[in-house]
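A.B. asks: I'll drop the sequence and a predicted model, then ask my questions.
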Amino acid sequence: MSQIKPAMGHPAGGRNDARNPLIARDRDWHPAPLAPGYKTSVTRAPQRPLVAMPTTLSEQTGPAFGHGLIGELDNNLILNFTGQPAIGERIIVHGRVTDENGRGVSGTLVEAWQANAGGRYRHKKDGYLAPLDPNFGGCGRTITAEDGSYEFLTIRPGAYPWPNRVNDWRPMHIHLSLFGSGFGQRLITQLYFEGDPLIARCPIVHTIGQDKAIQSLIAPLDMNRAIPMDCLAYRFDVVLRGRRQTVFENRMEGM
Amino acid sequence: MYPKETPSQTAGPYVHIGLTPNFVGIHGIYDQDLGASPIADGAKGEVVTITGTVRDGAGMVMRDALIETWQADAAGIYPSNDPRGVADPNVSGWARIVADFDSGEWTLRTVKPGRVPAPDGRLMAPHISLWIVARGINIGLQTRLHFEDADNDGCPVLARIEQSDRVATLMAKKTGPSDYRFNIILQGIGETVFFDL
């Protein structure tokens, strides 16, 4: 409870003004809810059409989290579990969170989770052969800076097999969860790594129909940000739904 | 011309590691899981307990579902970013609830929200917004929980549901003096109404 900032508020007429409606989602760009290649989606996708509605205050407002929530090692998955380093290829994952108008989304919570370097999750439902790493928990979080930037220090997760078709393997990936300033912007996605040959074979990746949309989930190697003799870096920018600007400096459009 | 929203991907079976690590025994990274309760002691309004399940199209209770909830306080003000005023300081309005690994039941203890106006000024029925993710859900499902015994008349959102018998899928059923039941069905007979909003 105390973790959530009360009535943070945004400047009237500003880009996060809760009176401004969210831009409609492009459902053809997102994955299809029912994608037969991903078998579990077959019984978990609604059959009836979604009921369309414009956003209201219920979707245009949303929880806000203060920087005070974040502990010093929260975005350091290499050290945050035991204080001893996790095994694996050390990487920085960083980028910027913007909205669909191209503006940085500041002060928003980004949560990450992933398998360890061997492709094993620290979760009771994961019984894969690869061992747990005693020093790897598998989660991290951060809050975006003023310009929307964020970063994590982690190890590159391993690929792993999963029960779908007989020999399906997930490409290396990191799950990311983001908030924005309105509950209707809530998003979970997955980051993939440039050059991974399993991306093209993954039925979960291919729940997305458009190749350009898939490409936007693949983080390129970023040698400018790599630290010599320490770690590589991958860049992953995230775009959240934007708002249509109908309120300008406290006045409704047309008034 | 404009950047496209980042495409969604399923939360997968291990979503708890990221969003509720303490719930799956990953202790020591975060003091506590976020969103444990949408209210604190002293919250104004009627405190209610809502329980339910999420079922898939095969009738199976989903033991891996995760739901986030967002709601106004008892006076109908949202706890952050609401241009109309400041909400009850004991209402954060947001919760993250997980289905029990054995029974699949989830529980939300909160206050009943007040009515909130739609953009055109008409009052919406009191509701809690829900966002549901799990393995097999490729993009988070958005719906609303209402109370069958509340003043739901004239709600412009419920009026959008063309097949009016489906409105009942969005009504929590009263099961006790301050208890409600809300079962979510993702697919098939009795399928819950989900919104594209």
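C.D. replies: Alright, I've got the coordinates. Numbers count the residues shown, from 1 in each chain, chains lettered A, B, ... in the order given.
A.B. asks: number of nearby residues for residue 141?
C.D. replies: Using chain A. If you count neighbours by other C-beta atoms under 10 Å in any protein chain shown, A:Arg141 ends up with 26. C-beta coordinates here come from the backbone N, C-alpha and C atoms, glycine included.
A.B. asks: if you could check chain B rather than the one you did, that'd help
C.D. replies: So B:Leu141, with other C-beta under 10 Å, has 24 neighbours.
A.B. asks: Ok, B:Val15 next?
C.D. replies: A count of nearby residues for B:Val15, using other C-beta under 10 Å, gives 25.
A.B. asks: Tell me the pLDDT of residue 107.
C.D. replies: All of this is about chain A. At A:Gly107, the pLDDT value in this model is 96.
A.B. asks: please go with chain B instead
C.D. replies: 98.
A.B. asks: what's across from it in the sheet?
C.D. replies: Beta-bridge pairing for B:Thr107 (DSSP bridges): B:Thr51.
A.B. asks: how close does it get to chain A?
C.D. replies: 17 Å (C-beta to the nearest C-beta, to the nearest Å).
A.B. asks: try B:Ala74
C.D. replies: The value you get for B:Ala74 to chain A, if C-beta to the nearest C-beta is used, is 15 Å.
A.B. asks: Who are the contact partners of the residue nearest to that residue when sequence neighbours are not counted?
C.D. replies: In space, and not counting its chain neighbours, B:Ala74 is closest to B:Gly45: 2.8 Å by C-beta to C-beta, 6 or more residues apart in numbering or on different chains. The contact partners of B:Gly45, taken as C-beta atoms under 8 Å, 6 or more residues apart in numbering or on different chains, are B:Asp73, B:Ala74, B:Asp88, B:Val111, B:Lys112, B:Pro113, B:Gly114.
A.B. asks: Do a quick rundown of the strands in chain B.
C.D. replies: B:47-52, B:54-55, B:66-70, B:94-98, B:106-111, B:128-133, B:141-147, B:171-176, B:179-181, B:184-185, B:195-196 (DSSP state E).
A.B. asks: again with chain A
C.D. replies: Using DSSP E, strands in chain A cover A:51-52, A:90-99, A:109-114, A:139-143, A:149-155, A:160-162, A:168-170, A:173-178, A:187-193, A:218-219, A:232-235, A:238-240, A:247-248, A:251-252.
A.B. asks: just so I know, which of these lies nearest A:Pro31?
C.D. replies: strand A:187-193 (9.9 Å; C-beta to C-beta).
A.B. asks: who's in contact with that closest one?
C.D. replies: When contacts are defined by C-beta under 8 Å, 6+ apart, strand A:187-193 is touched by residues A:93, A:156, A:171-178, A:180, A:199, A:204-205, A:217-219, A:234, A:236, A:238, A:240-241, B:5-11, B:15, B:133, B:140.
A.B. asks: Dump that strand to PDB, restricted to CA.
C.D. replies: Provided in PDB are the C-alpha atoms of strand A:187-193 (Å, rounded to 0.1, in the frame of the first residue of the first chain):
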ATOM      1  CA  LEU A 187       1.500  -4.700 -21.400                       C
ATOM      2  CA  ILE A 188       3.500  -7.900 -21.100                       C
ATOM      3  CA  THR A 189       5.900  -8.800 -23.800                       C
ATOM      4  CA  GLN A 190       9.100 -10.800 -24.500                       C
ATOM      5  CA  LEU A 191      12.500  -9.600 -25.700                       C
ATOM      6  CA  TYR A 192      14.500 -11.900 -28.000                       C
ATOM      7  CA  PHE A 193      18.100 -11.700 -29.000                       C
END
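A.B. asks: List the neighbouring strands of it plus their orientation.
C.D. replies: strand A:173-178 (antiparallel), strand A:218-219 (parallel).
A.B. asks: Quick one: mean pLDDT for the first one?
C.D. replies: Taken as a whole, strand A:173-178 has a mean pLDDT of 98.
A.B. asks: Could you do stretch A:216-232 as well?
C.D. replies: 98.
A.B. asks: so how far is that stretch from its chain's centroid?
C.D. replies: Counting by C-alpha atoms, centre = their mean, to the nearest Å, stretch A:216-232 is centred 18 Å from the centre of its parent chain.
A.B. asks: Also stretch A:229-243?
C.D. replies: 9 Å.
A.B. asks: Centroid-nearest residue for chain B?
C.D. replies: Against the mean C-alpha coordinate of chain B, by C-alpha atoms, centre = their mean, the closest residue is B:Leu130 at 2.7 Å.
A.B. asks: What confidence value was assigned to that residue?
C.D. replies: In this model, B:Leu130 carries a pLDDT of 98.
A.B. asks: residues in contact with it?
C.D. replies: By C-beta under 8 Å, 6+ apart, the contact list for B:Leu130 reads B:Ile67, B:Glu68, B:Thr69, B:Leu141, B:Gln142, B:Thr143, B:Arg144, B:Leu145, B:Ile184.
A.B. asks: Go back to those residues and keep what's next to chain A.
C.D. replies: Contacts with chain A within these, counted by C-beta under 8 Å from any C-beta of the partner chain: B:Glu68, B:Leu141, B:Gln142, B:Arg144.
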